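Student: The following comprises the amino acid sequence and a computationally predicted model.
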2 protein chains.
Amino acid sequence: MNGLMMQQPLLISSLLVHAERHHGDQEVVSRRVEGDVHRTTYRELAARSRRMANALVALGVSAGDRVATLAWNGYRHMELYYAVSGSGSVLHTLNPRLHADQVVWIADHAEDQILFFDLTFLPLIEAIAGRVKTIKAFVAMTDRANMPAAGKVPNLLCYEELIAAASPDFTWPVFDEQTASSLCYTSGTTGHPKGALYSHRSTMLHTYAAALPDSLNCSSRDVILPVVPMFHVNAWGLPYAACMVGAKLVFPGPFLDGKSLHELFEAEGVTLSAGVPTVWQGLLAHVEANNLEFSTMRRTIIGGAACPPAMMRAFQQRYDVQVLHAWGMTEMSPLGTACTLKSKHQGLGAEERMAVQAKQGRAVFGVDMKIVGEDGRELPHDGKASGELLVRGPWIISSYFKGEGGDPLVDGWFPTGDVSTIDADGYMQITDRSKDVIKSGGEWIGSIDLENIAMAHPAVAMAACIGAKHPKWDERPLLVVVKKPGADVTRDALLAFYEGKIAKWWTPDDVVFVDGIPLGATGKMQKNKLREQLADYRLPSA
Amino acid sequence: MNGLMMQQPLLISSLLVHAERHHGDQEVVSRRVEGDVHRTTYRELAARSRRMANALVALGVSAGDRVATLAWNGYRHMELYYAVSGSGSVLHTLNPRLHADQVVWIADHAEDQILFFDLTFLPLIEAIAGRVKTIKAFVAMTDRANMPAAGKVPNLLCYEELIAAASPDFTWPVFDEQTASSLCYTSGTTGHPKGALYSHRSTMLHTYAAALPDSLNCSSRDVILPVVPMFHVNAWGLPYAACMVGAKLVFPGPFLDGKSLHELFEAEGVTLSAGVPTVWQGLLAHVEANNLEFSTMRRTIIGGAACPPAMMRAFQQRYDVQVLHAWGMTEMSPLGTACTLKSKHQGLGAEERMAVQAKQGRAVFGVDMKIVGEDGRELPHDGKASGELLVRGPWIISSYFKGEGGDPLVDGWFPTGDVSTIDADGYMQITDRSKDVIKSGGEWIGSIDLENIAMAHPAVAMAACIGAKHPKWDERPLLVVVKKPGADVTRDALLAFYEGKIAKWWTPDDVVFVDGIPLGATGKMQKNKLREQLADYRLPSA
């Protein structure tokens, strides 16, 4: 027997309709590629999104067609989020940090029909324009005055001209909530990129869950600045959550240096931001060097990589900005966990709280997690047992776009490739990537712990720990370090730095100093490349 | 083209599984009918719910069968919420404040198979036991020691014996999220009661929306005490939201007087409560008379009827307890609006904020609202135009149980029977029930405003305003007043009290003093009965 409730599909367009009707005068502020600061409201943004939806129809875009973007965080990108998905097409956010060859491969694989781009990426567009197979038109996200010279890019259109020529009268179509809404490729370190194809249903459920008090805690009183790019898993869902709650949105465009961000935080009264640790490093350095404060920012969501303890301490204890660790993956829309405290933690001192906050956090409601041993059996949630982390839930992929790579699931669970613990309170902590874990004498050594300790040394700018071959133990930890400019430290001093901080047998066997560690397109260390480079490294202990 | 995300139905059982896995040691505290305070945890509650699910199978309950309760707020009632719905049956929460004849009619109409009851309601059970047609067993929600004497009630079973005899091994079944989960009858003032049949999908979406920061704002750091009964639209969804976020739950059982509630608030560190104004009146009177404070309670959700301004002032300005107005209906699961402030209100003074907070609030995301004039055309959201309020959304009924009364919708919208305004910020304010509105010379006069003014007079305990027949104006407002014990006030003094507070032509034409105003089963004034009683009242102005 079914319930007798209204049948309404969960559709992304409803977010924008809600923002327009209930928060019409709420601001959306963008620092533009053109250099200025642009201000609009949800009311105007909704009208322009409807115009763009009409423009897409005029361009021949049909339901299910992929429409690509190569763009920073800004109001035009946001208009495309709603215009494309809302009208039943699929928004494909390309990562402009990829090499032109990769962009061509991905655009061809996705069969993108139209590509919208910010002026910054004109050189990339020129490099790919003659090579991509399915793209019928390139749209420069600017006005006529700022349009690039014609010629190099065929079928080059002007965003503002499309908007101006189209009617704002557009009724968002109603369709099945399982319909694909957006597409994001993982920057896999091996093999070809693979696409995660989100649906309206998955996006909407993710948005509800992300905005909850124990998740990202978004309200109409927040001023949200997503530093995390809109081409990186939909800026962790914030452009959707902001509409759901009617928060003011502030977009930084391409200006992600500490000075630009801090100015925008202060000028616009930002209360909540989100990004990866590397961005915050630049911000904190600027704030520290210039003796500044955060007068309105009170929370920052840190994901993509673990927040170094020194960074957490600086934010919380020096600047009164609470750090919220969050964890997820492209395959998870992306949110899996958020590290909000429970009532039992409220009496803890600052350092004890930080020990909890250092974990990746508790499952956002809707996501189920388990850890399994090498035999596939579930391990206890005791904060000690460490195993491969598997997840499931309505915003986690069941397969990659076009069925690439076959069925990625194991008994209905998605293997994350992370190794973690889960404690009795449900807090998950990643100890390693499963491919990065160091297998020493049949035991696992987590490389992340070892890296965090090294990162806490004042002379260390970046540290990676990999398993180096060892005749007796199979593998032993090898620390690879980039020193800070002007700073110095010896191998022995670094190894001595581990004393008392970790089990003795976890201490790295050796240190290699390098000028740089290879980073991927999303800023993560590519330890597989390090392993290749150091494949023949002979440990002194070997 | 569909997205490629995991297909997982939204099921109520997932809430309990989540609470058990992530908040296993979180407390659920209940004041019991037996008189003591009982403490359990989500871990134990989940295990007992699984036992009860097995017991239901043993009792022959099948998917879709209705299982009824006549019970206060308590852990056993909560176990039934999950055991019944989670196993695919339908939880039917009967209202024990109804007359035995009505209970029999509703239980027969619902075709209830089993009835669980708290000992308080034994007399009611004895009154209906021989009359209900489909109920095969009555289960007293107590242990063997407290079981009533056998004989009067056939097929009388003991709750704790059922639990003890059943295995805790039960795998919650997976089924279509459209499956019916629970049934609640409206206490209509005319005609037979009608059933709202909720689904797992509607309940889960409602739970996500209810827990949002701008809705009821529930987190794992909250200690939630629902005074609103679990037999009244699922205690506004709090037993579900608490599991979703892992909040501590405190159940007051039958002890709803000010003293009992305040003691429980203080003993258990309650942070958030929810109920109707009449309950808070008793609580505030007790706190005031005994010079007490609220040491942990910071928010109270008030619904069912508008919160009188004096009550809001007392809570907020005297006791530092923020009042959150919420509005909904049985047909809406129930949440429609919540009156949280926007950032633009943060600079307002206490009284100006209260003017916003006096409204019923903004639509919870998922609910769409509009107001229409007598011609059915939509009216502007300007805070002035007043029309019938219509709503739609995935947790609003499409029809009543068994199709009773035909199609209740108008072009896909549910007419609430309320008359309201909506302002440009989306805040809805109810000005009247459409059947209570006073039609004077072709204009509408809202009875609620007139009642609120009268209620603010120190001598007035309760006030109702109805339309009395008038030869020239069709209707004119007639104020019906219950004086406070020992207080006195004249007709002319009361009418003079309106001066300057309202348009002159809205002022009531006369005052009738009465000993009491008839209340319905949910504590609302039955103005239709007043209108019957005063049908022949001749206004002095007539």
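Tutor: Structure's in. What do you need? All values derive from a computational prediction rather than experimental measurement. Residues are numbered from 1 along each chain as shown, chains lettered A, B, ... in the order given.
Student: residue ranges for the strands of the stretch 251-400 of chain A, please.
Tutor: A:272-275, A:299-302, A:322-328, A:335-338, A:362-363, A:368-372, A:387-392 (DSSP state E, counting those that start in this stretch).
Student: the longest helix in chain A is where?
Tutor: Determined from DSSP state H, the single longest helix within chain A is helix A:42-58.
Student: and it, which residues are buried?
Tutor: A:42, A:44-56 (16 or more other C-beta atoms under 10 Å in any protein chain shown). Backbone N, C-alpha and C define where each C-beta goes, glycine included.
Student: coming back round to it: with mean pLDDT and distance to chain B as extra columns, can I get the strands of the stretch 251-400 of chain A in JSON lines?
Tutor: Output for those, formatted as JSON lines (pLDDT from 0 to 100; distance: least, C-beta to the nearest C-beta, whole Å):
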{"stretch": "strand A:272-275", "mean pLDDT": "97", "distance to chain B": "11"}
{"stretch": "strand A:299-302", "mean pLDDT": "97", "distance to chain B": "12"}
{"stretch": "strand A:322-328", "mean pLDDT": "96", "distance to chain B": "13"}
{"stretch": "strand A:335-338", "mean pLDDT": "98", "distance to chain B": "10"}
{"stretch": "strand A:362-363", "mean pLDDT": "97", "distance to chain B": "6"}
{"stretch": "strand A:368-372", "mean pLDDT": "96", "distance to chain B": "8"}
{"stretch": "strand A:387-392", "mean pLDDT": "96", "distance to chain B": "6"}
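Student: Please tabulate the ones you listed in JSON lines, including the columns distance to residue A:313 and mean neighbour count.
Tutor: Conversion of those to JSON lines gives the following (distance: least, C-beta to C-beta, whole Å; neighbours: other C-beta atoms under 10 Å in any protein chain shown):
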{"stretch": "strand A:272-275", "distance to residue A:313": "18", "mean neighbour count": "26"}
{"stretch": "strand A:299-302", "distance to residue A:313": "13", "mean neighbour count": "24"}
{"stretch": "strand A:322-328", "distance to residue A:313": "9", "mean neighbour count": "23"}
{"stretch": "strand A:335-338", "distance to residue A:313": "20", "mean neighbour count": "28"}
{"stretch": "strand A:362-363", "distance to residue A:313": "22", "mean neighbour count": "27"}
{"stretch": "strand A:368-372", "distance to residue A:313": "28", "mean neighbour count": "19"}
{"stretch": "strand A:387-392", "distance to residue A:313": "27", "mean neighbour count": "22"}
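Student: The residue in the stretch 301-450 of chain A positioned nearest to chain B - how many residues pack around it?
Tutor: Using C-beta to the nearest C-beta, the single residue of the stretch 301-450 of chain A nearest to chain B is residue A:426, 3.3 Å away. Using other C-beta atoms under 10 Å in any protein chain shown, residue A:426 has 21 neighbouring residues.
Student: So what does the nearest residue to it once chain neighbours are set aside have for phi and psi?
Tutor: The shortest distance from residue A:426 to any non-neighbouring residue, by C-beta to C-beta, 6 or more residues apart in numbering or on different chains, is to residue B:22 (3.3 Å). Main-chain torsions, residue B:22, degrees, to the nearest 10: phi -110, psi -20.
Student: I figured residue A:102 was touching residue A:193, is that so?
Tutor: Yes. Using C-beta atoms under 8 Å, residue A:102 is in contact with residue A:193, at 6.9 Å.
Student: rewinding a little: is it possible to get the strands of the stretch 251-400 of chain A out as TSV so that each row also shows distance to residue B:247?
Tutor: Output for those, formatted as TSV (distance: least, C-beta to C-beta, whole Å):
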stretch	distance to residue B:247
strand A:272-275	23
strand A:299-302	21
strand A:322-328	19
strand A:335-338	16
strand A:362-363	13
strand A:368-372	20
strand A:387-392	24
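Student: which stretch among these comes nearest residue A:8?
Tutor: Closest of the strands of the stretch 251-400 of chain A to residue A:8 is strand A:335-338, at 23.7 Å (criterion: C-beta to C-beta).
Student: Given that closest one, what are its sheet partners and their directions?
Tutor: strand A:322-328 (antiparallel), strand A:362-363 (antiparallel) (DSSP bridges).
Student: Number of residues surrounding residue A:377?
Tutor: The burial count for residue A:377: 8, using other C-beta under 10 Å.
Student: Quick check: the gap between it and residue A:444.
Tutor: 16 Å (C-beta to C-beta, to the nearest Å).
Student: same question, residue A:321
Tutor: With C-beta to C-beta as the criterion, residue A:321 and residue A:444 are 34 Å apart.
Student: average model confidence for stretch A:208-226?
Tutor: Taken as a whole, stretch A:208-226 carries a mean pLDDT of 98.
Student: Just grab the bridge partners of the one residue in the stretch 51-200 of chain A that gets nearest to chain B for me.
Tutor: Proximity of the stretch 51-200 of chain A to chain B (C-beta to the nearest C-beta) peaks at residue A:199, 2.6 Å away. Counting by DSSP bridges, residue A:199 forms beta bridges with residue A:180.
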